[in-house]
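Enquirer: give me coordinates for this.
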Amino acid sequence: MPIYEYECKACGHRLEKLQKISADPLKDCPACERDSLSRLISAAGFRLAGGGWYETDFKTGNKKNLAADSTKESVKESTTPSNSEKPQGSSKKTDGAAA
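Expert: Modelled structure (predicted):
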């Protein structure tokens, strides 16, 4: 459930209220008891707590191993020899002259 912030337009009193999203906004100020509360727009506050958050958290099926798949690809690419590392013995050209 979200926490909503309210401010009274009559007395300036501010309060926070834990409410369901479907609940009607509060109208009566608890400080001056007038019908002048208005809901404020504010940034949502949340905290990621625990041992750590990773890209694979809360994923299902094939998407769960994205980090492992990219690691396998980078290892495969680093172990495959490039053209500059291949031996050049069979590619020698001769001009046809006997030595």
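Enquirer: pLDDT wise, what is V75 at?
Expert: According to the prediction, V75 has pLDDT 57.
Enquirer: just name the shakiest helix or strand of this protein by mean pLDDT.
Expert: helix 66-79 (a mean of 57; mean pLDDT, DSSP states H and E).
Enquirer: what's the neighbour count on A31?
Expert: A31 has 13 neighbours, counted by other C-beta atoms under 10 Å. For every residue, glycine as well, the C-beta is placed using N, CA and C.
Enquirer: brain fart, C8
Expert: Neighbour count of C8, defined by other C-beta under 10 Å: 21.
Enquirer: tell me the spacing between the residue nearest to it when sequence neighbours are not counted and A43.
Expert: Nearest non-adjacent residue to C8, counting by C-beta to C-beta, 6 or more residues apart in numbering: C29, 3.9 Å away. According to C-beta to C-beta, to the nearest Å, C29 and A43 sit 23 Å apart.
Enquirer: of the two, who's got more company?
Expert: C29 (20 against 5).
Enquirer: could you look up the SS state of the closest residue to C32 other than its chain neighbours?
Expert: Excluding the flanking residues, the one nearest C32 by C-beta to C-beta, 6+ apart is C11, at 4.2 Å. Here C11 is coil, with the state taken from DSSP: H, G, I helix; E, B strand; the rest coil.
Enquirer: check contacts around C11.
Expert: Going by C-beta atoms under 8 Å, 6 or more residues apart in numbering, C11 touches 29, 31-32, 34.
Enquirer: okay, now the unreliable bits of this structure?
Expert: Filtered on pLDDT under 70, the chain yields the residue ranges 45-99.
Enquirer: so what's the residue count around S42?
Expert: S42: 10 neighbours (other C-beta under 10 Å).
Enquirer: and for K9?
Expert: By other C-beta under 10 Å, the residues close to K9 number 12.
Enquirer: kind regards, and thank you for your time.
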